[in-house]
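1. build me a model:
(chains A and B)
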Amino acid sequence: MRRSYLGEFEELVLLTVAVLGEGAYGVAITDELDRQTGRSVSISAVHAALHRLEEKGMLSSRMGESTAERGGRRKRLFTVTALGSRTLHDIRSMRDQLWHSIAPNSLPAISL
Amino acid sequence: MKPIQPNRPAEPPRWANRLLEWFCAPHLLEEVQGDLHERFERNTRQAGQRQARRQYVREVISFLRPFAIKRKPSQYPSTPLFRPAMLENYFKIAFRNLSRNKAYSGINIIGLSIGLAAAMLIMLYTKDEVSYDRFHTNNPNIYRIVSKEYGTGGSLEGKNPYTGHFQGPKFSAGIPEIQRFVRYQANRVDMKQGTDIQSQEVFFTDPDFFQIFSLPLLNGNPKTALREPKSVVISEETAEKQFGTTNALGKVIFLKEKGQFEPYTVTGVAHKSPQNSSIKFDVLLPLIIPKEELANNSNWFSFFQNTFVLLTPQANVRSVEAKMNRIYQADAKEGMKEMADKYGFKNRTDYSLQPFTDMHLSKDFPASNGLVDESNPMFSYILTGIALFILVIACINFVNLTVARSLKRAKEIGVRKVVGGGRSQLTIQFLGESFILCFIAFIAAILIVYVVLPTFNQLSNKSLALSYLFDAQLVIGYLILFVVTGLLAGFYPAMVLSGYNPVQTLYSRFNLSSKNYLQKSLVVLQFSLASFLIVITLTIYSQFNYLTTKSLGYDDKNLVMINKSPMKRSDFRHLKDELMKSPSIADVSPKNGGFWATIAKVNNGEKQLNFAYETVDETYLPLFKIPILKGRNFSASFPSDSTNSVLVNESFVKDAGWKNPIGQIVDFSYDAPEKYTVIGVVKDYHFAPLNQAIKSQLFTMKPKNDYGRFFVKIKPNTETESLQYIEKTFKRLFPISPYAYSFLDQDNLKKYESEAKWKQIMLFGAILTIFISCIGLFGLATLSAERRNKEIGIRKVLGASVSSIVQLLSSDFLKLVGVSFLFAFPAAYYATDQWLQGYAYRIDVSVWMFVGTAILAILIAFFTVSFQSIRAALANPVKSLKSE
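-> Residues are numbered from 1 along each chain as shown, chains lettered A, B, ... in the order given. This is a model prediction of the structure:
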């Protein structure tokens, strides 16, 4: 099966959209990424990634409500599409498969 | 958490917001800006406004990425800019519009074609000016030797474009970089033509002449043509005149030399010199310098001819100049000492090289003394300025009329937009229309140039032919001119017209909403230019009038001047006796030929004066009615006058600083003791043109000085018989001398020929600018009267008088003309003042000149506008009001 390639950052954004569920839009995604990964993520990078993911068909979007703090502007709310969901699952199963293939004790031990 | 201040909500930096709105694609803007604002709000609460604003700017800038900038493709199919059917339609509409509004099209075409024609003529002129002497293949290695003279204090005392006999050969011998040199000296000799004798301008030059200059020979060998002493090279024209053929090799012409005619063999016939050549000759002779002249070291200090050198292509001009000066310092030592001892002349001369091609337009070292067509770059600048004025005014007409008339086309624009015409298509349509108009004007302009070229040649002292128009550079220039004019005229209207809102235009509520400052300021600009030119023209006219009517301090009426050089005392006495036999001749008086100037010492040798040196006899001053203020005139009853006495003018007395001039001594002793006593003071009179102040002048009767011309005072209204008598007598007495006469008052007028030319050129310029401005104003007045048709009807129905309506319609435009004076007059004052500085005797810049211009401009504008406004005011209001 051919699937679109996902960059690491794109994968994180896609996962975050899934995490946030109904309220996934630019600022919320940025904050969530910030909180979960501890990296300082720029809003424009998030927007760019969202844009790309939507072009690849892994996200769909609709315009949401407007709020006063946004100067009456509406948010764009994102949801993961079936393709997006499949891709995430594929990535996960491939990773799992790889984890399972690692012989015990072949990784240097680290204390978590 | 800081509370938000309710009365001052925090705002992100406005410029950053603008930037975002500008670059961000419209379909992304809402979400992106919303997100940024949301974050800004939060940052303000958490970190304060300053931090938040900074962060906002950073985030806006971080959005400068392709995904955010890239616009979404339109969901509608785009219409191509050019489609044959539409192009056809554009042309059809354009021609329909042109033919329906004949007045409007006429105004634009006339204006633009006059403007383009003026620009074409000036380009032709300027091209010719800068192309002078560029046709020589040895350029840029041909130079002229020139020099600057510095006083003992290091101040610049004079610039000398000429040289003597020495500079050419001596520099050339000492400097290997100088390949060849050629001296070029103008003179006049008498030449036999059949039985006729003519005074002919000839040029003496060195044999290398044709090796340096690319002036081809029709017949003859350019290398050897001027090698033999009695050889001569003549022009095609002279050959035709002398022999009736250009095949004249080996034939003989007779030139007068030391009193008798000598045969010269034709060794070459030259092509007609190109029009743009500073060297134009008819007769060219080899230059022969007597041995004693070559031995005389003081020849370093006499300057009378042009010397040109040809450098090797690798030569460094600076180093050649340095070598020239070294040679001069070494070789001229003896002469310098002599000059210092004898004349007290201690100035330092510094030689340099002037590129041959710079000569024609040079102000410092002009092309004169045998070189022709000396010109001033100022002429090119002024002419270019006038042409630009005219063209700009014509373009303004186009812009103003098109925008003002666009109301009528508003519906067309609306319909085009509604059925899918894009802005760019409309822009192209209107630009295209301006180009069509411009093209018609361009063709008309070529016709105008063809018709006026002879007049222009006469005005500008040129002989330009229409064929020069087809020069590649000029054709490119004209095409650029065409495109620039089309864009200049069409760009703004196209932008405005294509931007109309279709809903408004189709709803019949459309009006030019703004106060139309652009149209107003363009009219002001037009009339500023026009009134500027009127002031200049009036000034030139009054100055010219002043120059030609100012009393010169002597009577130049009924005075005939005849050159006879040289003329001995006995010859003159004989001639005078014969002439006085005629009853129509009042008196005859002799004078030296040409213009002499010399130096002498006064006040016991303390002071050295430079003055004009006139050799006359006792009849000269009475004949010219020049008054003597102190002392007495020369007189036959004092025989010693001729050897002992001189007269001086007032300026001389002032320069010498004399309180009591009579009896003062003027000391001419250089070679031999020579002292004269002043016996009288002559009232200053203008012996030079009026752009020079009256300088010192001294009159002598010294017998050693030959006469060179004589003046005949004839009785009024006896021109025919006296001239016939003078000619008959002259030819009888001096059969081998050329005869030519002139009237002194006409000669005096000729001194102001260049002013007369400028007067005409400025008059044409002023008339054209005024004319084009006025037809533009006429068009605007017509449109405004049309637009206010109903308003006028209602006013009339309610009882307005015709005069009040005329006033209403005219005053708007007249106000603009009034405002234009504010700009035109200071500029004109400055320009005229600068120009008049060049004249020692000049008119004052008077208020009346400006008042006159103002009245003239307002009157012209009023007549132009009132024609339309009166017509509109007289119209029957029923006609304009009956239909809606």
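2. do you know how far B:E293 is from B:L287?
-> Per CB to CB, to the nearest Å, B:E293 is found 11 Å from B:L287. For the C-beta atoms, the positions are set from N, CA and C on the backbone; glycine is no exception.
3. neighbour count: the two, which is higher?
-> B:L287 (19 against 12; other CB atoms under 10 Å in any protein chain shown).
4. OK, contacts around that one?
-> B:R183, B:Q185, B:F204, B:T205, B:D206 (CB atoms under 8 Å, 6 or more residues apart in numbering or on different chains).
5. just give me the closest of those residues to chain A.
-> Among the contacts of B:L287, B:R183 lies closest to chain A (CB to the nearest CB), at 80.1 Å.
6. may I have the beta-bridge partners of that closest one?
-> Judged by DSSP bridges, the bridge partners of B:R183 are B:T307.
7. any stretches of chain B with poor pLDDT?
-> B:1-9, B:74-82, B:343-344, B:508-515, B:670-672, B:883-884 (pLDDT under 70).
8. in it, which residue sits nearest chain A?
-> Closest contact between chain B and chain A, by CB to the nearest CB, is at B:G34 (3.3 Å).
9. assess the claim that B:A186 and B:T205 are in contact.
-> No: assessed by CB atoms under 8 Å, B:A186 is found out of contact with B:T205, at 10.1 Å.
10. what pairs with the lowest-mean-pLDDT helix or strand in chain A, parallel or antiparallel?
-> Scoring the helices and strands of chain A by mean pLDDT, DSSP states H and E places strand A:59-66 at the bottom, with a mean of 88. Using DSSP bridges, strand A:59-66 pairs in its sheet with strand A:74-80 (antiparallel).
11. following the strand it pairs with, which helix or strand comes up?
-> Note on strand A:74-80: by DSSP states H and E, the next helix or strand toward the C-terminus is helix A:82-101.
12. give me the mean pLDDT for that following helix.
-> Averaging pLDDT along helix A:82-101 gives 91.
13. name the nearest of the contacts of B:L287 relative to B:I413.
-> Closest approach to B:I413 among these (CB to CB): B:T205, at 71.2 Å.
14. was I right to think the closest one contacts B:F181?
-> No: with contact defined as CB under 8 Å, B:T205 and B:F181 do not form a contacting pair (10.7 Å).
15. ok, now which ones touch the residue nearest to the spatial centre of chain B?
-> By CA atoms, centre = their mean, chain B has its centre lying nearest to B:F379, at 1.0 Å. Counting by CB under 8 Å, 6+ apart, B:F379 touches B:E129, B:S460.
16. doesn't B:Q55 make contact with B:P12?
-> No: taking contacts as CB under 8 Å, B:P12 lies outside contact range of B:Q55: 9.3 Å.
17. need the longest helix for chain B.
-> Secondary structure assigned by DSSP state H gives helix B:377-418 as the longest helix of chain B.
18. quickly note the distance from the residue located most distally from the centre of chain A to chain B.
-> Most distant from the centre of chain A: A:N105, at 31.7 Å, with distances by CA atoms, centre = their mean. Using CB to the nearest CB, to the nearest Å, A:N105 is found at 45 Å from chain B.
19. burial measure for B:V202, as a count.
-> B:V202 is flanked by 21 other residues according to other CB under 10 Å.
20. isn't there a strand covering it?
-> Yes: looking at B:V202 with DSSP: H, G, I helix; E, B strand; the rest coil, it is inside a strand.
21. so what's the residue of chain A found nearest chain B up against?
-> With CB to the nearest CB, the shortest gap between chain A and chain B falls at A:R73, namely 3.3 Å. With contact taken as CB under 8 Å, 6+ apart, A:R73 is in contact with A:S66, B:E30, B:E31, B:Q33, B:G34, B:H37.
22. repeat that for 7 Å
-> Counting by CB atoms under 7 Å, 6 or more residues apart in numbering or on different chains, A:R73 touches A:S66, B:E30, B:Q33, B:G34, B:H37.
23. rebuild the contacts of B:L287 as a markdown table, extending it with distance to B:R100 and neighbour count.
-> Output for the contacts of B:L287, formatted as a markdown table (distance: CB to CB, whole Å; neighbours: other CB atoms under 10 Å in any protein chain shown):
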| residue | distance to B:R100 | neighbour count |
| --- | --- | --- |
| B:R183 | 70 | 25 |
| B:Q185 | 69 | 20 |
| B:F204 | 70 | 20 |
| B:T205 | 68 | 26 |
| B:D206 | 71 | 21 |
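24. can you put those in a markdown table and add distance to B:S820?
-> Formatted as a markdown table, these follow (distance: CB to CB, whole Å):
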| residue | distance to B:S820 |
| --- | --- |
| B:R183 | 56 |
| B:Q185 | 54 |
| B:F204 | 58 |
| B:T205 | 56 |
| B:D206 | 59 |
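25. farthest pair within the residues you listed?
-> B:Q185 and B:D206, at 9.9 Å, using CB to CB across the contacts of B:L287.
26. how about the residues of chain A near chain B?
-> By the rule CB under 7 Å from any CB of the partner chain, the part of chain A lying against chain B is A:26-27, A:42-44, A:47-48, A:51, A:69-71, A:73-76.
27. run a quick neighbour tally on B:A756.
-> Look at B:A756: counted by other CB under 10 Å, it has 16 neighbours.
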